[in-house]
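Undergrad: Attaching a predicted model along with its sequence, questions to come.
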Amino acid sequence: MSKKIAITGKGGSGKTMLTAIMAKLLAQNKDIKLLAIDADSAVNLPYALGIEAKRTVAEIRQQIIEDPEARAEIKDKNIRIVMEESLETGDGFHMLVMGRPEGPGCYCSVNDLLKYGIEGLSQQYDVTLIDCEAGPEQVNRRVVKSVDVLIVVTDTSIRGVRVADSILRVIQRDESIRPAVMGLVINRFKGDDELIVASVKKWGLDIFGRIPEDQNITDYDASGKPIFNLPDNAPSVVAVAEMLTKLGLY
């Protein structure tokens, strides 16, 4: 049975970092067929995973709109096949990049492709990781309706907690988009999470894990190295491994 995991949170909270480390650890198990999806229009996940996104779903869609020959060629294909043609191969995983919206402020077509295409494509994989847009936007558009696990990433800032709260409020208002399992990951943890713990009690959520500040990540970001290549003994990697173990995935 395939499992879909969506990672969301405030911009800059570390959701792409978490997605990349989860991919790194899960890819070590060659029995797991893994798909990583960059659903954020900022397109940061390929860099974190160390592979190039040569073609995005949004680019394919635009080509179909503008090129009659391309439209004729693809007329008998479905969205899943379009997505398959955009897959990139990494070390133990495949990656799909949704890409940027086709017009200023318009995310509808990309989100529709994501909403209806992930389901079919992800059935071919044991685990699908979805790096979502920052904030509650994609939850609001029901893009993550079919996920099994929703991970909300926050740092220890008040703003991070408020964004996490807004995401959870969206989900609580509509049971039809509520995943089976939801939890919080605290990034850049410094040993003091009283504010977050108090909020978590109010939300009735579990804390999946706490990722400490890790100089390795700072150094890798500064030098342009992929987060996917972090050493296994890096504090952040150890913390994510514990989280995946808690979720029964590692």
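TA: That came through fine.

Undergrad: Verify the contact between Gly209 and Ala241 for me.
TA: No - the pair Gly209 / Ala241 is not scored as a contact, 9.4 Å apart, by Cβ atoms under 8 Å. (Glycine included, C-beta is placed from N, CA and C.)

Undergrad: Neighbour count: those two, which is higher?
TA: Between Gly209 and Ala241, counted using other Cβ atoms under 10 Å, the more crowded position is Gly209 (23 against 19).

Undergrad: for the protein, what helix or strand is lowest in average pLDDT?
TA: helix 137-140 (a mean of 61; mean pLDDT, DSSP states H and E).

Undergrad: Let me see the mean pLDDT of stretch 186-195.
TA: Mean pLDDT, stretch 186-195: 81.

Undergrad: List the buried residues for it?
TA: Buried residues in stretch 186-195, counted by 16 or more other Cβ atoms under 10 Å: 186-189, 193.

Undergrad: what about that stretch, how long is it end to end?
TA: Start-to-end span of stretch 186-195 (Cα to Cα, to the nearest Å) is 11 Å.

Undergrad: mind checking the SS state of Ile130?
TA: Three-state call for Ile130 (DSSP: H, G, I helix; E, B strand; the rest coil): strand.

Undergrad: hmm, I was thinking of Asp221
TA: helix.

Undergrad: That one: what's it in contact with?
TA: Shown in contact with Asp221 (Cβ atoms under 8 Å, 6 or more residues apart in numbering): Ile227.

Undergrad: Quick check: the gap between it and Val237.
TA: For Asp221, the distance to Val237 equals 15 Å [Cβ to Cβ, to the nearest Å].

Undergrad: Same check on Ile65?
TA: Taken as Cβ to Cβ, the span from Ile65 to Val237 is 42 Å.

Undergrad: Then Lys15?
TA: Remark: distance between Lys15 and Val237 (Cβ to Cβ) = 16 Å.

Undergrad: likewise Asp148?
TA: Distance, Asp148 to Val237, using Cβ to Cβ: 23 Å.

Undergrad: The two: which is more packed in?
TA: Legend: neighbour count by other Cβ under 10 Å for Asp148 and Val237, higher for Val237 (20 against 15).

Undergrad: All set, thanks.
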